[in-house]
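In: Need a 3D model of the following:
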Amino acid sequence: KPPIHISMHAARRLLPRVSARFGSLARAPSRACPAMASSARAASASTASTAPEWVGELRDRLKPRFADEPNLYWKGGEIGKGGRQVHGEDSVFGLLHAAGAFHDPCLLVDEAKQQVLLTMRTGRDTAGHPGITHGGFTSLLLDEMAGQAYCEFVQCTRGPGVTANLTIDYCAPLPTESHVLVVAGLRSVDGRKVRCDVRVMDGAAYAKDGGEGGTIFAKAAALFVVLAKDQ
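Out: Residues are numbered from 1 along each chain as shown. Next up is the predicted model:
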């Protein structure tokens, strides 16, 4: 089909319809816009005061993975060989956070258990079914946290790795606009194959007794492969 051309006047008339249809995503600023960082910090701060007690308990007990950016963790640390960060300036998490897909994220490390933990509040506009977080967004969180476990415990000595396989079980509906906890840890390292276990779960139960008896919303087994030296 031939390309469709639209005048600036017509585009201005269409903009309100686009905003009404796609909500905050249509109004999200470009990642190149300096306002993104300040608006993202404000979004995090706005929900911190309403967080449940278990969020504060975990944050008090465990250290942030990136002390230089505890509330925007994908901006912290160093990337590249020997670095502890996997994300760069083009991270999709910056876009999603600015668009309101999630709020008040904090990435923590439990060195005793060899785990990384992410506390966050899911956004309103992440639903598949009304009021239930889309499974695709949940799978993104599982993959992300498996990667953070790899980066924390493997990358500094072995170098970067990538997801080769992610097997997910969806166990219970995850509500939108709710505080959740994502926990990831290493299961095994076999040559270049690194296996991680991840859970999206009830944070209150985890803070109380490690999650025994609490709701598991989703869980995954991830296989990472250490990149060859020439990759």
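
In: what about the closest residue to Ala220 other than its chain neighbours, which helix or strand?
Out: Among residues not flanking Ala220 along the chain, Leu142 sits closest, at 4.1 Å (C-beta to C-beta, 6 or more residues apart in numbering). C-beta here means a position set from N, CA and C on the backbone, and glycine is covered the same way. Here Leu142, judged by DSSP states H and E, is contained in helix 135-150.

In: How about residues contacting that helix?
Out: Helix 135-150 is contacted from outside by 65, 86, 93, 101, 107, 115-116, 118, 122, 126, 128, 161, 163, 166, 168, 170, 174, 182-186, 194, 196, 198, 200, 217-220, 222, 224, using C-beta atoms under 8 Å, 6 or more residues apart in numbering.

In: In strands, which of the residues you listed fall?
Out: 107, 115-116, 118, 122, 161, 163, 166, 168, 170, 182-186, 194, 196, 198, 200, 217-220, 222, 224 (DSSP state E).

In: in this structure, what spans have low per-residue confidence?
Out: 1-49, 79-83, 211-212, 230-231 (pLDDT under 70).

In: Name the residue closest to the centre of it, please.
Out: The chain has Leu141 as the residue nearest its centroid, 4.7 Å off, counting by C-alpha atoms, centre = their mean.

In: separation between that residue and Lys219?
Out: For Leu141, the distance to Lys219 (C-beta to C-beta, to the nearest Å) stands at 12 Å.

In: got a list of what the residue nearest to Arg199 when sequence neighbours are not counted touches?
Out: Nearest residue to Arg199 in three dimensions, chain neighbours excluded: Lys219, at 4.7 Å (C-beta to C-beta, 6+ apart). By C-beta under 8 Å, 6+ apart, the residues touching Lys219 are 142, 168-169, 171, 197-200.

In: Please identify which pair of those lies farthest apart.
Out: Spatial extent of the contacts of Lys219 (C-beta to C-beta) is set by the pair Cys171 and Asp197 at 13.7 Å.
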